[in-house]
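In: Have a look at this fold, sequence not included:
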């Protein structure tokens, strides 16, 4: 019912208010790839769930999320091919901290195999809690713009990301 509508966010949603502000400020719009700027990627390495890639450009103080890709059940080579097919001019590609120790089925390290491609991958070390990370994202959200069409599913997922409610303690 409320597909990509941020008027009615998921109860306990971490980003519903941020997304509503983005809609109100018209930061969710047609946002084409600007060839003058490099494209960076941020990855979520799915283990039992989907692997996600967010494509973004830094333009002045703006963070422009121009594209997003998500899938599951594929080898790393599939996702490297997705990067090639996009034909963007890339900067770095950022794996989360868990990419450091992740091994592929052949025993090779994920980061090593990724860096054998033509792309430059880097591990982003995490020294903060999940809640601190959420707060950091909220703090930069006023600078973030999204392509409405290419990021539709990403926007839905951001709106759906929520705290679980503890019935017994009656807190999130």
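Out: Yep, it's here. What you are looking at is a predicted structure, and each value in this text was computed from that prediction instead of being measured. Residues are numbered from 1 along each chain as shown.

In: only C-alpha atoms for contact and neighbour calcs from this point on.
Out: Will do.

In: all strands of this structure, in order?
Out: For the chain, the strands defined by DSSP state E occupy 28-29, 39-44, 51-59, 62-71, 90-96, 121-124, 144-147.

In: So which of those strands is nearest residue 82?
Out: Closest approach to residue 82 among the strands of the chain (C-alpha to C-alpha): strand 62-71, 8.4 Å.

In: Identify the spatial nearest neighbour of residue 53, chain neighbours not counted.
Out: Of all residues not flanking residue 53 in the chain, residue 43 sits nearest, at 4.6 Å (C-alpha to C-alpha, 6 or more residues apart in numbering).

In: How about residue 61?
Out: Nearest residue to residue 61 in three dimensions, chain neighbours excluded: residue 143, at 6.7 Å (C-alpha to C-alpha, 6+ apart).

In: what residue lies at the spatial centre of the protein?
Out: Taking C-alpha atoms, centre = their mean, the centroid of the chain lies closest to residue 54, which sits 4.2 Å from it.

In: give the contact list for the nearest residue to it once chain neighbours are set aside.
Out: Spatial nearest neighbour of residue 54, excluding adjacent residues (C-alpha to C-alpha, 6+ apart): residue 68 at 4.5 Å. By C-alpha atoms under 8 Å, 6 or more residues apart in numbering, the contact list for residue 68 reads 52-55, 150-151, 154.

In: And the residues you listed, which is closest to residue 121?
Out: Checking these against residue 121 by C-alpha to C-alpha gives residue 53 as the nearest, at 12.7 Å.

In: what separates that closest one from residue 168, distance-wise?
Out: Counting by C-alpha to C-alpha, to the nearest Å, the gap from residue 53 to residue 168 is 37 Å.

In: just residue 19 next, same as before
Out: On the measure of C-alpha to C-alpha, residue 19 and residue 168 end up 30 Å apart.

In: higher neighbour count, these two?
Out: Just comparing residue 19 and residue 168: by other C-alpha atoms under 10 Å the higher neighbour count belongs to residue 19, 26 against 6.

In: so what's residue 115 up against?
Out: Residue 115 is in contact with residue 121, counting by C-alpha under 8 Å, 6+ apart.

In: quick one: low-confidence parts of the protein?
Out: 1-11, 47-48, 162-167, 169-172 (pLDDT under 70).

In: go again using 80 as the cut-off
Out: 1-14, 46-49, 101-107, 161-172 (pLDDT under 80).

In: can you pull out the helices in it?
Out: Counting by DSSP state H, the chain has helices at residues 16-24, 76-86, 110-115, 130-140, 152-160.

In: need the contact list for residue 158.
Out: Contacts for residue 158 (C-alpha under 8 Å, 6+ apart) come out as 14-16.

In: Thank you, goodbye.
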